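Peer 1: Generate coordinates for the sequence data below:
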Amino acid sequence: MMFMNPRAIEVKYLGDYQLLITFTKKEVKQFDLKSYLHFPVYEPPKDESFCKRVKAVDGILLWNEYIDLDPDTVYLEGKTINGNA
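Peer 2: Just a heads-up that it's a prediction; the model follows:
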């Protein structure tokens, strides 16, 4: 049986490249995007007005059709705020 982490159902931009993500089962985690901003694909989110546009779509954190974050990465690397994690 393959383990699958919960999927994002809601995301809020907190400022300073911090994302607050609510996952299935109502777990809430905070994710620091700063360590990813050096990758070329994440150049647009360096602009905070663009970064604020993040949405949870089908379990994935998404800015547009080219820029997203894997929900497993966010779940495993995020700091637990509340929930079962």
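Peer 1: now the protein, which segments are flagged as low pLDDT?
Peer 2: Where the chain drops to pLDDT under 70, the residues are 1-3, 83-85.
Peer 1: Could you list the buried residues of the longest strand seen in the chain?
Peer 2: Assignment by DSSP state E gives strand 8-15 as the longest strand of the chain. Residues of strand 8-15 classed as buried by neighbour count (16 or more other CB atoms under 10 Å): 8, 11, 13. No exception for glycine: its C-beta is placed from N, CA and C like everyone else's.
Peer 1: what do you get for stretch 70-85?
Peer 2: 71, 74, 75, 78, 85.
Peer 1: and of those, the nearest to residue 30?
Peer 2: Of all the buried residues of stretch 70-85, residue 30 sits closest to residue 78, with 6.0 Å by CB to CB.
Peer 1: Disregarding residues adjacent in the polypeptide, which is nearest to the closest one?
Peer 2: Excluding the flanking residues, the one nearest residue 78 by CB to CB, 6 or more residues apart in numbering is residue 29, at 3.2 Å.
Peer 1: is it true that residue 77 touches residue 31?
Peer 2: Yes: Residue 77 lies in contact with residue 31 (CB atoms under 8 Å); the separation is 6.6 Å.
Peer 1: Now distance to residue 42 too, for the buried residues of strand 8-15, in CSV please.
Peer 2: Shown next, in CSV, are those (distance: CB to CB, whole Å):
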residue, distance to residue 42
8, 17
11, 15
13, 14
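Peer 1: quick revisit: can you classify the residue nearest to residue 78 by secondary structure?
Peer 2: strand (DSSP: H, G, I helix; E, B strand; the rest coil).
Peer 1: in which helix or strand would I find residue 49?
Peer 2: Using DSSP states H and E, residue 49 falls within helix 48-51.
Peer 1: returning to what we had before: for the longest strand of the chain, packing partners?
Peer 2: In this structure, strand 8-15 packs against strand 18-23, strand 55-57, strand 60-62, with contacts taken as 3 or more CB pairs under 8 Å, 6 or more residues apart in numbering; DSSP states H and E.
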